[in-house]
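> build me a model from this:
(chains A and B)
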Amino acid sequence: MSSHIPVERLSSYLDSELSEAEASAVERHVRQCATCRSDLQGLRRVVGGLRSMERAAPPPVLAQEVARRIALERPPQGLVERLESQLGRRARIDSGLAVGFALVLALAVIFYLFADAVDRRQRSEVPIVVPGASSAPAADAGEVLEVAGRVFHRRDGWWTQDGSAAPSRILNWRDPAAQELRLTWPWLEDLLADSGGVVLLHDGETIVIESASAD
Amino acid sequence: MVVGPIRALAGADEERSLVERHRYGDPGAFEEVYTQYSGMVYNLALRMSGSPDRAQDLSQEVFLRIYRSLARFRGHSSLKTWIYRICLNHCRSRLGRKRPWIEPLASEGAGPGAEPVDAGRGPEDLAMADEAARRIAAALPRIHRVFRESVILRDLEGLSYQEIATVLGVRIGTVRSRIARGRDQLRRVLEEEER
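Modelled structure (predicted):
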């Protein structure tokens, strides 16, 4: 009997991604090979199960929450520019109107900046820590911590540094590289002690360090 | 925000017009985006996280990102692809290496946020379909994230291999391989449970 069919080919067969000749070859083989026939049936069951999963409707509260959050945002990019360009295109502008328009524009910008600052403060109570502190203070039930000039948000049991992106390295707390970082920054030990892990920026890359509790 | 009836956002021209309207402060533009894509975003977040509560949080954050970035959308890809990318990238960064234990969804036909099941199927059929879906849903978080993404996009979202390649920014061959390995991992997880 010929060798078994790679799972990638079986999977492509299920998606009708093979040519007619390739598909026929698969069908001929699985008629004779119990192992490949079983593999194909297993894959078919998985695909069938996935495609039978019903789509969940987003909860109604999601729309309300999204609306509430964007109401606190600044106006979309371009609105201010549009107002400015309209001002610039007018050939002759009554000086009173021009001053009035500029004042309205300035007030609008100040209003949105103020609203943004209020929202930031309401959303993030940042207890300022003395820079260079050797250990992180106990965080309250709130979500933000600043330590050694870095701001961390706590979500789902993890501390994530502001500005971090998709991780380029994922370390277990036992890894030598992780241990080295823990020795360099004693406060990291404290963050790991009470969380599932820490996501931080180091030398321009985002690093994930899983704590012992994530094992 | 009023969620109106869903209509397809057909074509690049309509997407450009939508983005332009959003840029000039028309709130209806973003409402249309939300109406069209909230189901897609929520379901992707749900299957990536395994938790309805986390999916709600993730979806909220994704739409905030969309709102902030929509004016800068240049149309190099479709709006759907762009939103998929935002959602996936956000789920990746927020979920990280977490291994979320899926909350028992009991059945796919019950619980908050679920759509009504097909009334045309008998109770036994529904029960079997529910059980199979429940087991698959429970197994999904146990496979590697890289494979999970591809399987979700293919088998749950119905994207073509080419579309998935565009969303993920990889070659079609890579998509094919990831889908196969994801399905195979799911198969092994289910077989383990049955022993």
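
> now for the chain, the helix or strand with the poorest mean pLDDT.
Went with chain A since none was named. helix A:79-89 (a mean of 52; mean pLDDT, DSSP states H and E).

> wrong one, chain B
Per mean pLDDT, DSSP H and E, bottom of the list for chain B is helix B:123-139, a mean of 73.

> chain center to the following helix or strand past that one, what's the gap?
On the C-terminal side of helix B:123-139, the closest following helix or strand by DSSP states H and E is helix B:145-151. Between the centre of helix B:145-151 and the centre of its chain there are 11 Å (Cα atoms, centre = their mean, to the nearest Å).

> quick one: the helices in the chain, in order.
Chain wasn't specified; assuming chain A. Using DSSP state H, the helices found in chain A span residues A:7-14, A:20-32, A:34-51, A:60-71, A:79-89, A:95-123, A:176-184, A:186-193.

> you looked at the wrong chain, it should be chain B
Using DSSP H, helices in chain B cover B:11-23, B:27-49, B:52-69, B:79-95, B:123-139, B:145-151, B:161-168, B:172-194.

> touching, residue B:55 and residue B:49? I think so.
Yes: contact between residue B:55 and residue B:49 holds when scored by Cβ atoms under 8 Å: they sit 5.4 Å apart. For glycine as for every other residue, the C-beta is placed from the backbone atoms N, C-alpha and C.

> in chain B, where is pLDDT below threshold?
For chain B, the stretches with pLDDT under 70 are B:1-10, B:96-129.

> change it to 50
Along chain B, segments meeting pLDDT under 50 span B:2-8, B:99-121.

> taking the centroid of it, which residue is nearest it?
Residue closest to the average C-alpha location in chain B (Cα atoms, centre = their mean): residue B:44, at 1.9 Å.

> quick one, what contacts residue 168?
Unless you meant another one, I'm taking chain A. Residue A:168 makes contact with A:205, A:206, A:207, according to Cβ atoms under 8 Å, 6 or more residues apart in numbering or on different chains.

> actually chain B
B:88, B:149, B:150, B:153, B:174, B:175.

> and the first one, how many residues sit next to it?
Here the neighbour count serves as a burial measure; for residue B:88 (other Cβ atoms under 10 Å in any protein chain shown) it reads 21.

> does it touch residue B:149 like I think?
Yes: Residue B:88 is within contact range of residue B:149, at 6.1 Å (criterion: Cβ under 8 Å).

> joint contacts of these two?
Residues touching both residue B:88 and residue B:149 by Cβ under 8 Å, 6+ apart: B:48, B:168.

> how about the helices of chain B in a markdown table, adding distance to residue A:12?
Formatted as a markdown table, the helices of chain B follow (distance: least, Cβ to Cβ, whole Å):
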| stretch | distance to residue A:12 |
| --- | --- |
| helix B:11-23 | 30 |
| helix B:27-49 | 22 |
| helix B:52-69 | 30 |
| helix B:79-95 | 22 |
| helix B:123-139 | 20 |
| helix B:145-151 | 13 |
| helix B:161-168 | 9 |
| helix B:172-194 | 6 |
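
> quick one: closest of the helices of chain A to residue A:152.
helix A:186-193 (6.9 Å; Cβ to Cβ).

> next, the buried residues of the closest one.
Using 16 or more other Cβ atoms under 10 Å in any protein chain shown as the test for burial, helix A:186-193 gives A:187, A:188, A:189, A:190, A:191, A:192.

> repeat that for stretch B:148-158.
Neighbour counts over stretch B:148-158 (16+ other Cβ under 10 Å) mark B:148, B:149, B:150, B:151, B:152, B:153, B:154, B:155, B:156, B:157 as buried.

> that stretch and chain A in contact?
Yes: residues of stretch B:148-158 are located near chain A by Cβ under 8 Å from any Cβ of the partner chain, namely B:151, B:154, B:155, B:156.

> chain A: which of the residues you listed is nearest?
residue B:155 (3.8 Å; Cβ to the nearest Cβ).

> so what's that closest one closest to, chain neighbours aside?
Nearest residue to residue B:155 in three dimensions, chain neighbours excluded: residue A:50, at 3.8 Å (Cβ to Cβ, 6 or more residues apart in numbering or on different chains).

> does that neighbour really touch residue B:151, like I thought?
Yes: counting by Cβ under 8 Å, residue B:151 is a contact partner of residue A:50 at 6.8 Å.

> shared neighbours of those two, anything?
Common neighbours of residue A:50 and residue B:151 (Cβ under 8 Å, 6+ apart) are residue B:186.

> list the contacts for residue A:43?
By Cβ under 8 Å, 6+ apart, the neighbours of residue A:43 are A:7, A:10, A:11, A:14, B:183, B:184, B:187.
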